[in-house]
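Chemist: Could you look at this predicted model? Sequence included:
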Amino acid sequence: MFFLINEIANAAAQGFTKYFFYNVSEPMSDWEFLRIEEILSRVNIDLQNVYYLTATENSREVYEDIVARYDLKKKIKIVTLSAMQRASVYFANQIFIPGYKIGPRPKKFLCFNKVLRLHRLILIAHFIKNNLLEGNYVSTYPTPQSFVHIDNVINCLQKIEPELAKVLRDNKKIFPLEIDPYNERRSNPIDFEQSDVEYFENSYYSIVTETLYFTKDVFLDPINFGRPYGNSLAFTEKTFRPIAMKHPFILVGPCYLLKTLKKKGFKTFHPFINESYDEEEDDFRRLNKIVEEVKRLNSFTEQQWLEWQQNIIEIVNYNHDLFFSTTDFQVTKDITL
């Protein structure tokens, strides 16, 4: 922090007039603004020229909440930039993405997971409980910390979802879940590579487990590194990957995340996917609704899948075209940087 204070003071002495706190790949968190408040209290600069750049789509709402809760005095300008969308466009342009093909596919859904966060492990516990691992692509990241994360989640779940805690405890040996055990990167992509395409072509839809999920109960997440994100709504490459790949999706994230995606111009898949889960504010009930919809979709006959594909093809093509044609990634329009 002292380095930043000196850096800002030196910049001011050299005549610089604008100052940016740059965090465009992450959502907003309380602790950042507590530190920013302390930094700004120790430098003499015009707060009208201080900007915080973030990936949080509802950034001003979140900021005003943080200001009120901590009674912050050093108010600055908040700007949302969709940097992850921009990066996703760049990476997607490096590969060939074929047209959407209607026809039978060997797998029902695709669910890439990286860090074993609480909501992802709860979802996987539901998959195990409902026999939804077989016949689908589900992956988790194989790291030495994986079993520590699983133990932490089991301990957390024991108090609120004991049945699911038991499911995870009884099935710890199946982790990590790897689509291709000989190629760790293909099982857990963080960018776009040509080898990813086959997983999308061979499954009907994606279950996107975004980085953030819990809102009111964020303190429950034992893998959140003590960084509460409150009601931040943010998108990562996880959401933009199926859009680029012409793949329908269920979005596992905070409530109203689908609504926020539609504000960006994208279409979602109601009524072909029951998206009522997006309006469910209770975090655990929302996840239960998602699981029920997954069970419904996975019960389809081959004929039902063909009809479903015919219904969603216009949506996936529209989203794909919008994704690649977008050139303005500044969400906040009333501030010029």
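Modeler: The structure has been received and is ready for your questions.

Chemist: In the stretch 101-250 of the chain, mark out all the helices, start to finish.
Modeler: With DSSP state H, counting those that start in this stretch as the criterion, the stretch 101-250 of the chain has helices at 118-129, 146-160, 162-170, 184-187, 197-201, 237-244.

Chemist: By mean pLDDT, flag the weakest helix or strand of the protein.
Modeler: For the chain, counting by mean pLDDT, DSSP states H and E, helix 184-187 ranks last in confidence among helices and strands (a mean of 51).

Chemist: re the thing from before, relative to residue 5, which of the helices of the stretch 101-250 of the chain is closest?
Modeler: With C-beta to C-beta as the criterion, residue 5 lies closest to helix 237-244 of the helices of the stretch 101-250 of the chain, at 33.4 Å. Any C-beta I mention is one placed from the backbone N, CA and C, and that applies to glycine too.

Chemist: How far off centre is the closest one?
Modeler: Taking C-alpha atoms, centre = their mean, to the nearest Å, one finds helix 237-244 lying 10 Å from the centre of the chain it belongs to.

Chemist: and if you look at stretch 201-217?
Modeler: Computed by C-alpha atoms, centre = their mean, the chain-centroid distance of stretch 201-217 equals 7 Å.

Chemist: same deal with stretch 323-333?
Modeler: 18 Å.

Chemist: Repeat that for stretch 261-277.
Modeler: Per C-alpha atoms, centre = their mean, the centroid offset for stretch 261-277 relative to its chain is 16 Å.

Chemist: before we move on, the earlier item: need the helices of the stretch 101-250 of the chain in JSON lines with distance to residue 25 and mean neighbour count, can you?
Modeler: JSON lines is the format used below for these (distance: least, C-beta to C-beta, whole Å; neighbours: other C-beta atoms under 10 Å):
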{"stretch": "helix 118-129", "distance to residue 25": "19", "mean neighbour count": "23"}
{"stretch": "helix 146-160", "distance to residue 25": "22", "mean neighbour count": "17"}
{"stretch": "helix 162-170", "distance to residue 25": "30", "mean neighbour count": "16"}
{"stretch": "helix 184-187", "distance to residue 25": "20", "mean neighbour count": "16"}
{"stretch": "helix 197-201", "distance to residue 25": "24", "mean neighbour count": "17"}
{"stretch": "helix 237-244", "distance to residue 25": "10", "mean neighbour count": "23"}
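
Chemist: I'd like those laid out as TSV, including distance to residue 43.
Modeler: Output for the helices of the stretch 101-250 of the chain, formatted as TSV (distance: least, C-beta to C-beta, whole Å):
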stretch	distance to residue 43
helix 118-129	38
helix 146-160	39
helix 162-170	48
helix 184-187	43
helix 197-201	49
helix 237-244	35
